[in-house]
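S.K.: Next come a sequence and a model predicted from it.
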Amino acid sequence: MTAPRITVAGSVNLDLVTRCAHLPAPGETVLGGVFAQHPGGKGANQALAARLLGAQVALIGCVGSDSHAEAALGLLMAAGVDLTGCASVTGSPTGVALIAVSEDGENQIVVAPGANGAFTPDRMSGPIDGALIAQLEIPVATVDAAVSRCEGFVTLNLAPACDIPDCLLQRADLIVVNEGEAEFYDPDRLKAAGGLLAITLGSAGAILYRDGKEVARAVPPPVEVRDTTGAGDTFVAALTLALIEGQSEADALRFACAASALSVTRAGAQPSLPQRKDVDAILAPGKTGA
Ligand code: RIB
């Protein structure tokens, strides 16, 4: 079988991470552990996740012409993601995410978008082949332009939450949000957009709706949680890939929950993304994820 083609239009960041006993409250300073630096960004994470799960992937986005760019793109390049649509822009630094991860694996993230904000619609040309995945760490106008160039399956991950027009929601074949984002947009508005809507529930799994009606619910296999950063991105990529592969809605949701569960067992966004064989293994009959 030929690997499905997915284009991701989205952000590329360098993640600057420190673990700490608990996440700081407003105004609080906490002493953290050892500092680590990983490639990240929702777009880049979703592109790498889709690639490691078996898709042919192209990423379109922007990085700065600085030393962070190479580090941010390193794992994508090594995995064979097509980066020809990834531009280096002068005058803006590569996006950076400041991430604190608590001992129970929860995180707080602040993103300085840098070059992701310079990813304007005019930087895209030609049609988008295959499926498209987009998120909201790049300008909404650019997401809109990417969607209008795609005749295939469109996934919109509405993260981080921001204003978005109904016409864009209606063009999506699949919308993915977490519980907080669902509340921000209003679940009824998202259901009214038609198509598929996935709401992720953290360790409780996820629910999939079609045309506003629940069609599947899945819980992830039990795992030891180390770092939840990138779990949502893994879910988005895995669910999109499984659906375009032709898996049933129930199987696709189970696949996405298993993939994102595996991603929380390791530290970092991109270093934690699972390989296809690991997801298939945890879903094999007789395993806890089956
Ligand atoms: O979804 C996780 C990602 O959000 C991190 O990699 C960080 O870069 C932010 O974009």
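M.R.: Yes, it's here. Given the structure is predicted, the values throughout are model-derived calculations rather than measurements.

S.K.: can we go C-alpha only for contacts and neighbour counts from here?
M.R.: Fine.

S.K.: what's the helix or strand for Pro39?
M.R.: According to DSSP states H and E, Pro39 maps onto strand 32-40.

S.K.: What is the burial count for Ile133?
M.R.: For Ile133, the count of nearby residues is 27 (other Cα atoms under 10 Å).

S.K.: In terms of pLDDT, where does the residue nearest the centre of the chain sit?
M.R.: Computing the C-alpha centroid of the chain and ranking residues by Cα atoms, centre = their mean puts Asp233 first, at 2.4 Å. Looking at Asp233, its pLDDT reads 98.

S.K.: Also Val143?
M.R.: At Val143, pLDDT is 98.

S.K.: Surely it is in a strand?
M.R.: No - per DSSP: H, G, I helix; E, B strand; the rest coil, Val143 lies outside any strand segment and is helix.

S.K.: Spatially nearest residue to it (excluding sequence neighbours)?
M.R.: Closest residue to Val143 apart from its sequence neighbours, by Cα to Cα, 6 or more residues apart in numbering: Ala134 at 6.4 Å.

S.K.: The one you found contacts Ala9, doesn't it?
M.R.: Yes - with contact defined as Cα atoms under 8 Å, Ala134 reaches Ala9; the gap is 5.1 Å.

S.K.: Overlap in contacts, the two.
M.R.: Common neighbours of Ala134 and Ala9 (criterion: Cα atoms under 8 Å, 6 or more residues apart in numbering): Gly43, Val143.

S.K.: how far away is Gln56 from Ile6?
M.R.: Here the distance between Gln56 and Ile6 works out to 6 Å (Cα to Cα, to the nearest Å).

S.K.: Neighbour count for the two, which is higher?
M.R.: Ile6 (27 against 19).

S.K.: Tell me the spacing between that one and the ligand.
M.R.: Ile6 sits 18 Å away from the ligand, going by Cα to the nearest ligand atom, to the nearest Å.

S.K.: Checking Ala238 next. Helix, strand or coil?
M.R.: At Ala238 the chain is in helix, as set by three-state DSSP.

S.K.: Report how many residues lie close to it.
M.R.: That count, for Ala238 with other Cα under 10 Å as the rule, works out to 30.

S.K.: name the element the residue lying closest to it once chain neighbours are set aside belongs to?
M.R.: Take Ala238 and drop its neighbours on the chain: the residue closest to it by Cα to Cα, 6+ apart is Ala256, 4.8 Å away. Taking DSSP H and E as the criterion, Ala256 maps to helix 249-263.

S.K.: one step back: could I get the contacting residues of the residue nearest to Ala238?
M.R.: Listed by Cα under 8 Å, 6+ apart, the contact partners of Ala256 are Thr234, Phe235, Val236, Ala237, Ala238, Leu239, Ala242.

S.K.: Using TSV, lay out those together with distance to Met124.
M.R.: Listed next are the contacts of Ala256 as TSV, based on distance: Cα to Cα, whole Å:
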residue	distance to Met124
Thr234	25
Phe235	26
Val236	23
Ala237	22
Ala238	25
Leu239	25
Ala242	27
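
S.K.: what's the average pLDDT for the helix holding Ala256?
M.R.: For helix 249-263, mean pLDDT rounds to 98.

S.K.: Quick one: list the elements packing against the helix or strand following that helix.
M.R.: Moving toward the C-terminus from helix 249-263, the next helix or strand (DSSP H and E) is helix 276-283. Other elements packing on helix 276-283 under the criterion 3 or more Cα pairs under 8 Å, 6 or more residues apart in numbering; DSSP states H and E are helix 249-263.

S.K.: relative orientation of the helix holding Ala256 and helix 276-283 in degrees?
M.R.: 110 degrees (axes from the mean of the first three to the mean of the last three Cα atoms, to 10 degrees).

S.K.: Just checking helix 249-263 against the ligand, any contact.
M.R.: No - judged by Cα under 6 Å from any ligand atom, helix 249-263 stays clear of the ligand, getting no closer than 11.4 Å.

S.K.: I appreciate the help and will end here.
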